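Student: Here's my sequence, what's the structure:
(2 chains)
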Number of protein chains: 2
Amino acid sequence: MVGNLATTTPDFSLEDLPGTSGRIDILCRCINSAFVLSHGIRRDVQIYLILRGGGAPKTVRLQGRDLRHLNPDERTTAALLKKALALEADFAWTKSTPGISVRAGDLADLPIRAEGRTYYLREDGSDHRGLPLAGDGTFVLGDHIGLSEEDEAFLAGLGAEIVSVGPKSLHADHCIVLLNNELDRREGPSHPAGGRERATKGDE
Amino acid sequence: MVGNLATTTPDFSLEDLPGTSGRIDILCRCINSAFVLSHGIRRDVQIYLILRGGGAPKTVRLQGRDLRHLNPDERTTAALLKKALALEADFAWTKSTPGISVRAGDLADLPIRAEGRTYYLREDGSDHRGLPLAGDGTFVLGDHIGLSEEDEAFLAGLGAEIVSVGPKSLHADHCIVLLNNELDRREGPSHPAGGRERATKGDE
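Tutor: Okay, the predicted model is just below:
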């Protein structure tokens, strides 16, 4: 997830995220969409936030398998990012809180998968519902500004597929909700208690 | 959208929404999901928030056709709700800010549509993708606590259909994103510029 203006420093105000952080609030909503379930968090998701708003770009990585203290509200998520951005960042990952690390680096430094596993979300892409999405794929999204021509060239070089989530242009966090749901559906039913309809289907 | 503990008074802190407001933060995220598009807001959506956290229940109504000053972040949305809750609420609608009104009243006082147009979101419901959803229907969702037996009896009396959004239990705001997307798809394409794939299909 690319935050074109997202600050690389921790000196933003939790009282005015949109106005002081280069729209870290957008990244916080993406984190919520990527991880939060009704009863727990998605352990098999990772998100890389690319922050470009000041000096050398930084990358904050959140890994579902280790993540703790993630609440659904924006402010506490922003406080976790603030903590991560207070650390010295070089090109090795530095751990901030459980499941959250930071390093220097931009989109092109990410360990992005090869062809057939990388998807670039853009409103004019092919509908994701009709595509064979790799469950362990990488989905690249931009903030309100989108991706640069340079970013797009990088993704084209990887053979990334251009994918959309539906007929309307949506914010990145809403796109992530839709992608997670589509991948959930392909994995099959998993309601712990089963239910009316699923019970008749065996509720695996 | 039912907020079982959501405060009916404006004396909550914007610095700690989850801890002081009876989870008004959940309602704020639902408002974002219901209305926010990349370029504008959904003018054809209305949301009724039922707040039950203190004294007589209140209902806050947001109408997309008149709504202004809606930003995507939680805090500014919470500030709008705070303003609405500071007003005297009787059984007539009192306007707070453009598109936002408040009155006394609970779920059963809402102008909910009759059979075939009301849907109750519950994780064991029938998958919404396979159902003939009314685009002008009413979707009823609960917060982290869900709906009471009394609520469920009321909805059953209306002939509400029990609907789910997928195999995993999701927060209400994520459910709303999925419902909006499904309804968008049934209305057909509407990207202003069309796009790669749609162009070849005639962009119907």
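
Student: switch to C-alpha atoms for all contacts and neighbour counts from now on
Tutor: Noted.

Student: quick one: average pLDDT of stretch A:45-60?
Tutor: Averaged over stretch A:45-60, pLDDT sits at 96.

Student: got a list of contacts for it?
Tutor: A:1-9, A:22, A:27, A:31, A:34-35, A:61-65, A:81, A:84, A:89, A:100-107 (CA atoms under 8 Å, 6 or more residues apart in numbering or on different chains).

Student: Now list the buried members of those residues.
Tutor: Neighbour-count burial within the contacts of stretch A:45-60 applies to A:1-9, A:22, A:27, A:31, A:34-35, A:61-64, A:81, A:84, A:89, A:100-107; the criterion is 16 or more other CA atoms under 10 Å in any protein chain shown.

Student: Wait, residue A:180 touches residue A:34, no?
Tutor: Yes. Applying CA atoms under 8 Å as the test, residue A:180 and residue A:34 come out as touching, 7.3 Å apart.

Student: Relative to residue B:40, how far out is the residue lying closest to residue A:37 once chain neighbours are set aside?
Tutor: Sequence neighbours aside, residue B:170 is the residue nearest to residue A:37 in space, at 5.1 Å (criterion: CA to CA, 6 or more residues apart in numbering or on different chains). For residue B:170, the distance to residue B:40 equals 25 Å [CA to CA, to the nearest Å].

Student: The two: which is more packed in?
Tutor: Taking neighbours as other CA atoms under 10 Å in any protein chain shown, residue B:170 and residue B:40 compare with residue B:170 leading, 23 against 11.

Student: show me the contacts for that one.
Tutor: Contacts here follow CA under 8 Å, 6+ apart; on that basis residue B:170 touches A:36-38.

Student: ok, and the most crowded of the residues you listed?
Tutor: Counting neighbours by other CA under 10 Å, the top entry in the contacts of residue B:170 is residue A:36, with 21 neighbours.

Student: what's across from it in the sheet?
Tutor: In this structure, residue A:36 has the following beta-bridge partners (DSSP bridges): residue A:41.

Student: Settle this for me: it is touching residue A:68, isn't it.
Tutor: No. Counting by CA under 8 Å, residue A:36 sits too far from residue A:68 to count as a contact (11.5 Å).

Student: For burial, what's the neighbour tally of residue A:83?
Tutor: When counting by other CA under 10 Å, one arrives at 14 neighbours for residue A:83.

Student: And the contacts of the host helix or strand of it?
Tutor: Remark: residue A:83 resides in helix A:74-85, with elements defined by DSSP states H and E. Outside of helix A:74-85, the residues within contact range by CA under 8 Å, 6+ apart are A:8-12, A:14, A:24-25, A:28-29, A:31-32, A:60, A:70-71, A:95-97, A:100-102, B:15, B:73-74.

Student: Same question for stretch A:107-117.
Tutor: Taking contacts as CA under 8 Å, 6+ apart, the residues outside stretch A:107-117 that touch it are A:2, A:50, A:118, A:133-134, A:136-138, A:151, A:154, A:158-161.

Student: redo that, cut-off 10 Å
Tutor: Here stretch A:107-117 makes contact (CA atoms under 10 Å, 6 or more residues apart in numbering or on different chains) with A:1-2, A:48-52, A:57-59, A:91, A:118-119, A:132-140, A:150-151, A:154-161.

Student: Return the subset of the buried ones among the contacts of stretch A:45-60 lying in strands.
Tutor: Cross-referencing these against strands under DSSP state E gives A:2-7, A:61-63, A:100-104.

Student: Between those, which sits nearest residue A:125?
Tutor: Proximity of those to residue A:125 (CA to CA) peaks at residue A:2, which lies at 17.9 Å.

Student: list the contacts for that closest one?
Tutor: Contacts for residue A:2 (CA under 10 Å, 6+ apart) come out as A:27, A:48-52, A:59, A:106-107, A:140-147, A:151, A:172.

Student: now those: which count as buried?
Tutor: When neighbours are counted using 16+ other CA under 10 Å, the contacts of residue A:2 contain these buried positions: A:27, A:48-52, A:59, A:106-107, A:140-144, A:146-147, A:151, A:172.

Student: quick one: average confidence on the longest helix along chain A?
Tutor: Using DSSP state H to assign secondary structure, the helix with the most residues in chain A is helix A:172-187. Per-residue pLDDT values over helix A:172-187 give a mean of 97.

Student: got it, and stretch A:153-166?
Tutor: Per-residue confidence for stretch A:153-166 averages out to 95 on the pLDDT scale.

Student: Is that stretch positioned near chain B?
Tutor: Yes. Applying CA under 10 Å from any CA of the partner chain, one finds stretch A:153-166 touching chain B at A:162-166.

Student: quick one: the lengthiest strand in chain A to helix A:172-187, angle?
Tutor: Residue-count comparison of every strand in chain A, with assignments taken from DSSP E, identifies strand A:118-127 as the longest. Here strand A:118-127 runs at 90 degrees with respect to helix A:172-187, directions being taken by axes from the mean of the first three to the mean of the last three CA atoms, to 10 degrees.

Student: chain center to strand A:118-127, what's the gap?
Tutor: Computed by CA atoms, centre = their mean, to the nearest Å, the chain-centroid distance of strand A:118-127 equals 15 Å.

Student: now swap in stretch A:138-146 and tell me
Tutor: The chain centre lies 9 Å from the centre of stretch A:138-146; the measure is CA atoms, centre = their mean.

Student: measure that stretch end to end?
Tutor: As for stretch A:138-146, its first-to-last residue distance stands at 17 Å under the measure CA to CA.

Student: And for stretch A:43-58?
Tutor: Using CA to CA, the gap from the first to the last residue of stretch A:43-58 comes to 24 Å.

Student: try stretch A:119-137
Tutor: For stretch A:119-137, the first and last residues are 7 Å from each other (CA to CA).

Student: Give the partner strands of the longest strand of chain A in its sheet and their orientations.
Tutor: strand A:138-140 (parallel), strand A:161-164 (parallel).

Student: pLDDT below threshold where in chain A?
Tutor: For chain A, applying pLDDT under 70 flags the ranges A:113-115, A:189-204.

Student: could you redo the last one with a cut-off of 90?
Tutor: Per-residue confidence for chain A (pLDDT under 90) gives these ranges: A:39, A:54, A:69, A:111-116, A:130, A:134-136, A:144, A:187-204.
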